[in-house]
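Visitor: compute the structure for the input listed below.
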Amino acid sequence: MKKYLLLACLPVLSLFSCKKEAVNTPVLGKGAVLTMLRVDAATNTFTGGKTFNYETYYSTDGKIPVSSYLRHDGDSGFLAEVYNPANDTIFYGGLSWNSEKEAQLWYPVFDELASFREGGAAANAPVYTSIQQLTPNGMALPSFTVFELWQPVAGLAITQQYMQLPNVKIGLFQYTPHQNSGDTKGQSWVWVLFKDKD
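Guide: The predicted structure is shown next:
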């Protein structure tokens, strides 16, 4: 019985890997660096971030090498964002199509605001057409205003560091745990900033 239970868990466990290095203090060092900055959709406030450092570089056609996956099984499912070069899941959140059923973000634990301190003058918002929509195939983000979504992260030191790079890549995805209820609880926008080769 234990053998079958383990086999049933393998598809989920395979989404996670130990090859990435999550860091508590955001650092744009050597290698590729990917940072996620989470903005609460209801209040439009920054609620935390997570930075991953990778030893090697990788890019495809000038895009962030992240793929999005959405699975829908009955009234539940998940949204996953996977960093392709290392096959590492960087985001994994539960979804619910039933307002009675709870859905929650399982990974990552976003760092407290202190880890992403304010940096002074706000970084200019990216151009809409330069933003990579990190959505599952055949899907698109709902309409959004770049300036409004950018304001909560514009003054962060980490944002300014990225925006000073000549080759920064910027992505965006939305996490909506309760799909059909209209409940804004837990909804968020996530900016993805990526540093590849200098």
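
Visitor: from here on, contacts and neighbour counts on C-alpha atoms
Guide: Noted.

Visitor: show me where the protein has strands.
Guide: 21-23, 32-40, 45-54, 66-73, 76-83, 88-96, 105-107, 131-133, 169-175, 188-195 (DSSP state E).

Visitor: how about those in CSV, adding distance to residue 157, mean pLDDT and mean neighbour count?
Guide: As requested, the strands of the chain are exported to CSV (distance: least, C-alpha to C-alpha, whole Å; pLDDT from 0 to 100; neighbours: other C-alpha atoms under 10 Å):
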stretch, distance to residue 157, mean pLDDT, mean neighbour count
strand 21-23, 16, 44, 14
strand 32-40, 12, 94, 23
strand 45-54, 12, 92, 21
strand 66-73, 24, 91, 15
strand 76-83, 24, 93, 19
strand 88-96, 22, 93, 22
strand 105-107, 24, 92, 14
strand 131-133, 20, 95, 17
strand 169-175, 16, 96, 21
strand 188-195, 13, 95, 23
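
Visitor: quick one: closest of those to residue 160.
Guide: strand 188-195 (10.8 Å; C-alpha to C-alpha).

Visitor: contacting residues around that closest one?
Guide: Here strand 188-195 makes contact (C-alpha atoms under 8 Å, 6 or more residues apart in numbering) with 28, 32-42, 64, 149, 159, 162, 165, 167-176.

Visitor: likewise for stretch 149-161?
Guide: Contacts of stretch 149-161 (C-alpha under 8 Å, 6+ apart): 26, 28, 37, 39, 44-46, 116-125, 189, 193.

Visitor: 7 Å - rerun?
Guide: 26, 39, 44-46, 116-123, 125 (C-alpha atoms under 7 Å, 6 or more residues apart in numbering).

Visitor: which pair in these spans the largest distance?
Guide: 26 and 44, at 22.1 Å, using C-alpha to C-alpha across the contacts of stretch 149-161.

Visitor: looking at these two, which one has more neighbours?
Guide: residue 26 (21 against 16; other C-alpha atoms under 10 Å).

Visitor: residue 117 and residue 156, how far apart?
Guide: 6 Å (C-alpha to C-alpha, to the nearest Å).

Visitor: these two: which has the busier surroundings?
Guide: Taking neighbours as other C-alpha under 10 Å, residue 117 and residue 156 compare with residue 156 leading, 22 against 13.

Visitor: tell me, how many residues neighbour the closest residue to the more buried one other than its chain neighbours?
Guide: Among residues not flanking residue 156 along the chain, residue 118 sits closest, at 4.3 Å (C-alpha to C-alpha, 6 or more residues apart in numbering). Counted with other C-alpha under 10 Å, the neighbours of residue 118 add up to 17.

Visitor: one more: the one 4 residues further on?
Guide: Number of residues near residue 122 (other C-alpha under 10 Å) recorded here: 17.

Visitor: ok, it - contacts?
Guide: Counted by C-alpha under 7 Å, 6+ apart, residue 122 has contacts 154-155.
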